[in-house]
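Student: From the sequence below, what's the structure:
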Amino acid sequence: VGSLLVEYLVQLGAQVTVVRKQPWEEQFAHDHKFQFQRCHALEDALPHTDVLFLACTMTLETFHLLNTKTLGLLPSGALVVNVGRGPLVEYASMVDALTSQHVGGYASDVGI
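Tutor: Predicted structure coming up:
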């Protein structure tokens, strides 16, 4: 899902930053003729993120990946889309961020 999402976003003219633990296949970017930025820590990428797509698997490390602290690092009005797993987002923190309008919108195709 993540690599297809990157491909579509780049075709739309988006500047894409990829945060991954596993190495990104350089050949994928070369084959699809696009440039992307690599960032090794989510916390480093969040302050520069207007739209955040979560497309990761659920592990102990990614459980509540988005919480009060990490949501606070996003710029005001940022959008969040979760196409990964529900527990990636701590929902009470997301509700607070939406209510305060720090996060401009949240979309998810997964349950809580």
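Student: can you give me the helices in the protein?
Tutor: Here the chain has its helices, by DSSP state H, at 2-11, 26-31, 42-45, 68-73, 91-99.
Student: Let's have those helices in JSON lines, adding mean neighbour count and distance to residue 54.
Tutor: For every residue, glycine as well, the C-beta is placed using N, CA and C. Output for these, formatted as JSON lines (neighbours: other C-beta atoms under 10 Å; distance: least, C-beta to C-beta, whole Å):
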{"stretch": "helix 2-11", "mean neighbour count": "14", "distance to residue 54": "9"}
{"stretch": "helix 26-31", "mean neighbour count": "12", "distance to residue 54": "20"}
{"stretch": "helix 42-45", "mean neighbour count": "14", "distance to residue 54": "10"}
{"stretch": "helix 68-73", "mean neighbour count": "16", "distance to residue 54": "11"}
{"stretch": "helix 91-99", "mean neighbour count": "15", "distance to residue 54": "11"}
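Student: out of those helices, nearest to residue 61?
Tutor: Smallest distance to residue 61 across the helices of the chain (C-beta to C-beta): 10.7 Å, for helix 42-45.
Student: Please state the mean pLDDT value computed over that closest one.
Tutor: Helix 42-45 shows a mean pLDDT of 87 in the predicted model.
Student: Thanks again, I'm all set now.
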